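Q: Have a look; sequence and predicted model below, questions after that.
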Amino acid sequence: MSTPVKKVPIHLQSSQNRLLIRHGQVVNEDGITEEDIYIEDGIIKQIGRNLIIPGGTRTIDARGKYILPGGIDPHTHFEFEFMGAKSVDDFYQGTKAAIAGGTTMIIDFAFPKPGESILDCYYNYRQKADDKVCCDYSLHMCLPQWSEQVKKEMEILCKEHGVNSFKMFMAYSFMLNDAELYSAFEQCQKLGAVAQVHAENGSIIAKNVEKLLANGVTGPEGHELSRPEDIEAEAVNRACVIAKQVDCPLYIVHVMSKQAAETVCQARARGTQVYGETLVAAIGSDGTHCSHANFHYSAGHILSPPLRSDRNTPLAIMNFLAHGQRVFGEVEASSIGMSGDPRDPKLVTSPPLRSNSDTSTQLLQLLSSDVLQLVGSDNCTFNKSQKELGKDNFTKIPNGVNGVEDRMSVVWEKGVHAGLIDPSRFVAITSTNAAKLFNLYPRKGYIGVGSDADIVIWNPSATRTISAKTHHQAVDFNIFEGMVCHGVPEYVIVNGRVIVDEGNLKAVQGYGKYIDCPVFPPYVYDPEKVTELKPEKNGTNDEGIQNIRELEKLHF
Ligand SMILES: C[C@@H](CNC(N)=O)C(=O)O
Ligand SMILES: [Zn+2]
Ligand SMILES: [Zn+2]
Ligand SMILES: [Zn+2]
């Protein structure tokens with residue numbers, strides 16, 4: 001007979017784990033409501049008005065503020081050994097900085113060392129991250145080579161370790177060829193995993209580099225010259241063609257150019273199931289900074305695919321992120337029933353499409369698809385001294401920039417404050433869509449009963465000036481240096497704990513944990529059939545997300 005568990009009377013339980021957020025505007029991807037939120041033991045327990053809550057609960061007044069699902073950054077490289085250097089933001093400082101900026105979960109790219117199996121790589125990443133992370137995290141696995149062993153270990157990672165996404169490279173010395181990509185996509189599709197690609201044509205880049213160096217172009221300006229937009233767009237298209245042959249859902253990481261985004265758009269219009277991730281760097285910066293007289297300044301902006309020198313890129317990328325991105329071409333708006341002034345910047349983002357009959361049908365299809373679904377940081381930071389590895393040869397500059405701390409504010413400034421997207425779309429592209437694609441939703445990326453209490457109280461009218469002097473990252477450079485952003489996190493709640501409290505960061509090392517990403521994400525593998533799985537938002541059911549109602553069909 002077991003001894004009865006002694007239940008501590010609720011009014012004696014520590015109020016540390018009970019929180020009430022009042023008078024805020026709750027923003028989910030499908031709308032905004034004025035509701036209060038009651039949190040206990042790290043879970044959202046009640047949403048509504050006039051909630052009955054126990055005494056001793058801390059109350060936060062969110063009047064005039066938005067209450068957002070915590071940001072989810074789908075793309076980081078903490079303490080990553082790459083190109084002869086190790087990225088300086090580790091899992092502690094990187095996740096601490098993430099929380100400071102309103103991100104409450106990250107998904108890092110595990111990358112096997114030479115000769116290391118992907119299974120050992122997984123164990124080693126868990127070893128180095130678990131005790132350091134300040135917020136929850138998951139892992140993608142990179143596949144720098146293809147073999148029967150890799151194929152087998154992908155299955156183990158999917159079935160036993162909660163990895164449901166694999167990144168293949170089409171550039172760098174560890175690029176896979178088309179047949180290997182084909183096999184890798186087949187395995188992803190069989191396992192119910194998300195196939196991700198770094199889409200640049202590595203063979204053409206190698207030839208361009210040879211020519212540039214032979215002609216004495218060794219500075220950072222050579223980086224984009226060696227890998228122009230065509231080289232990115234060609235690889236995006238090729239990956240989409242292979243994925244379609246295999247019927248494998250495809251996720252293009254770091255779409256960095258108009259041409260690549262248009263290629264995603266056209267592939268979607270042909271019925272290819274492809275998702276596009278862009279980076280906050282592509283929205284908040286551009287390639288003109290890479291040909292600056294100062295080497296450190298230029299090298300500090302080097303990543304791949306490169307920031308583009310076309311100054312229209314940030315606005316075009318932001319438009320591709322806005323839902324129902326409209327591509328205005330030669331086809332007259334009236335001829336396809338479009339309203340609005342064609343000169344409206346929201347409409348014009350890309351060179352004219354051919355105006356013939358099936359273009360208008362195709363255009364209509366394009367008009368209905370949102371081209372890019374989410375924004376990552378690709379935080380892969382190297383100090384000025386490390387970037388000097390490429391002082392005499394741009395191909396040796398360690399590739400990577402910052403973004404994990406500033407992602408949310410820069411997207412708010414360039415998107416919501418600029419009037420191009422609304423707060424709900426902001427939530428979709430900075431949190432919810434990542435949760436859906438990697439099968440974390442609605443536990444993550446949603447404010448609903450039963451969801452994890454990862455919440456940001458966001459002040460839309462406050463501003464902050466970004467600087468390496470004040471940021472919480474380890475790196476000594478910031479590509480957004482001096483940018484004034486509207487949109488500041490005043491409170492950041494991580495699994496029910498107030499980590500940013502009235503702007504003060506109180507990160508706790510090791511407080512985060514590893515989160516499994518189950519295979520066959522419904523939003524990816526059942527887009528036709530799947531109904532939107534969502535908890536009763538205001539339900540009283542404290543079993544949380546078990547309470548599933550069938551709702552309208554999926555729409556991305
Ligand atoms: C190697 C890694 C980070 N570096 C970068 N994007 O330049 C990536 O390709 O995503
Ligand atoms: Zn990449
Ligand atoms: Zn990356
Ligand atoms: Zn502003």
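A: Structure's in. What do you need? Ligands and ions are numbered 1, 2, ... in the order given.
Q: Helices of the stretch 401-550 of the chain, start to end?
A: Assigned helices in the stretch 401-550 of the chain, in chain order: 407-411, 423-427, 433-437, 522-525 (criterion: DSSP state H, counting those that start in this stretch).
Q: Which one, of those helices, ends up nearest to ligand 4?
A: Smallest distance to ligand 4 across the helices of the stretch 401-550 of the chain (CB to the ion): 9.9 Å, for helix 407-411. For every residue, glycine as well, the C-beta is placed using N, CA and C.
Q: From the chain's centroid, how far away is the closest one?
A: In this view, helix 407-411 has its centroid 11 Å away from the chain centroid, taken as CA atoms, centre = their mean, to the nearest Å.
Q: Same question for stretch 430-445.
A: 10 Å.
Q: Spit out the contact partners of the closest residue to ligand 4 within the stretch 451-556 of the chain.
A: Residue nearest to ligand 4 within the stretch 451-556 of the chain: His486 (4.4 Å; CB to the ion). By CB atoms under 8 Å, 6 or more residues apart in numbering, the residues touching His486 are Ser409, Trp412, Glu413, Val416, His417, Pro460, Ser461, Ala462, Thr463.
Q: How about Gly94?
A: Contacts of Gly94 (CB under 8 Å, 6+ apart): Thr76, Phe78, Ile106, Asn379, Val404, Gln473, Ala474.
Q: looking at these, which has the most residues close by?
A: Val404 (34 neighbours; other CB atoms under 10 Å).
Q: So Gly101 versus ligand 1, what's the distance?
A: 19 Å (CB to the nearest ligand atom, to the nearest Å).
Q: Show me the shaky parts of the stretch 1-150 of the chain.
A: 1-16 (pLDDT under 70).
Q: Quick one: buried ones out of the contacts of His486?
A: Among the contacts of His486, the ones that count as buried by 16 or more other CB atoms under 10 Å are Ser409, Trp412, Glu413, Val416, His417, Pro460.
Q: so who does the fifth one touch?
A: When contacts are counted by CB under 8 Å, 6+ apart, His417 is found next to Pro460, Cys485, His486, Gly487.
Q: Low-confidence regions, the stretch 451-556 of the chain specifically.
A: 528-556.
Q: The same query, at a cut-off of 80, please.
A: 527-556 (pLDDT under 80).
Q: Beta-bridge partners for the residue in the stretch 401-550 of the chain positioned nearest to ligand 1, please?
A: Nearest to ligand 1, among the residues of the stretch 401-550 of the chain, is Val401, at 7.6 Å (CB to the nearest ligand atom). According to DSSP bridges, the residues that bridge with Val401 are Asn379.
Q: What is the burial count for it?
A: Quick note: Val401 (other CB under 10 Å) scores 24 neighbours.
Q: Confirm for me that it is in contact with Ala299.
A: No: between Val401 and Ala299 no contact is recorded; they are 10.3 Å apart, counting by CB atoms under 8 Å.
Q: Tell me the pLDDT of whichever residue of the stretch 151-300 of the chain sits closest to ligand 4.
A: Going by CB to the ion, ligand 4 is nearest to Gly284 of the stretch 151-300 of the chain, at 11.8 Å. Confidence at Gly284, expressed as pLDDT, is 98.
Q: Let me see the ranges of the strands in the stretch 451-556 of the chain.
A: Secondary structure of the stretch 451-556 of the chain (DSSP state E, counting those that start in this stretch): strands located at 455-465, 484-494, 497-501, 504-505, 534-535, 548-549.
Q: whoops, the stretch 151-300 of the chain was the one
A: According to DSSP E, counting those that start in this stretch, the strands that the stretch 151-300 of the chain contains are 165-169, 194-198, 250-252, 274-279.
Q: Each with direction, which strands does the third one pair with?
A: Read that as strand 250-252. strand 194-198 (parallel), strand 274-279 (parallel).
Q: contacting residues around it?
A: 165, 185, 194-197, 199, 236, 239-240, 243, 260, 264, 272-277, 437.
Q: Pull out the buried members of those residues.
A: In the contacts of strand 250-252, the ones that pass as buried (16+ other CB under 10 Å) are 165, 185, 194-197, 199, 236, 239-240, 243, 260, 264, 272-277, 437.
Q: Mind putting the helices of the stretch 401-550 of the chain into TSV with distance to ligand 1?
A: Shown next, in TSV, are the helices of the stretch 401-550 of the chain (distance: least, CB to the nearest ligand atom, whole Å):
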stretch	distance to ligand 1
helix 407-411	15
helix 423-427	24
helix 433-437	16
helix 522-525	21
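Q: In CSV, list the ones you listed along with distance to ligand 4.
A: CSV is the format used below for these (distance: least, CB to the ion, whole Å):
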stretch, distance to ligand 4
helix 407-411, 10
helix 423-427, 14
helix 433-437, 24
helix 522-525, 33
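Q: on that earlier part again, closest to ligand 4 among the contacts of Gly94?
A: Using CB to the ion, the contacts of Gly94 come closest to ligand 4 at Val404, 21.1 Å.
Q: His75 versus the nearest residue to the closest one once chain neighbours are set aside, what's the distance?
A: Spatial nearest neighbour of Val404, chain neighbours left out: Asn379 (3.8 Å); criterion: CB to CB, 6 or more residues apart in numbering. Per CB to CB, to the nearest Å, Asn379 is found 8 Å from His75.
Q: just Ala462 next, same as before
A: Here the criterion is CB to CB. By it, Ala462 lies 27 Å from His75.
Q: how about the residues of the stretch 301-450 of the chain near ligand 1?
A: Applying CB under 6 Å from any ligand atom, we find that the stretch 301-450 of the chain lies next to ligand 1 at Leu303, Ser304, Asp378, Cys380, Asn399, Gly400.
Q: which residues does Gly71 form a beta bridge with?
A: Counting by DSSP bridges, Gly71 is bridged to Thr103.
Q: Pretty sure it sits against Thr430.
A: Yes: proximity of Gly71 to Thr430 meets the contact threshold set by CB under 8 Å, at 4.9 Å.
Q: Identify the contacts common to these two.
A: Common neighbours of Gly71 and Thr430 (CB under 8 Å, 6+ apart) are Thr103, Arg407, Met408.
Q: Surely the second one touches Asp73?
A: Yes: counting by CB under 8 Å, Arg407 does reach Asp73; the two are 6.1 Å apart.
Q: center of the protein - which residue?
A: Gly376 (3.0 Å; CA atoms, centre = their mean).
Q: quick one: that residue from Ser431, how far?
A: From Gly376 to Ser431 the distance is 12 Å (CB to CB).
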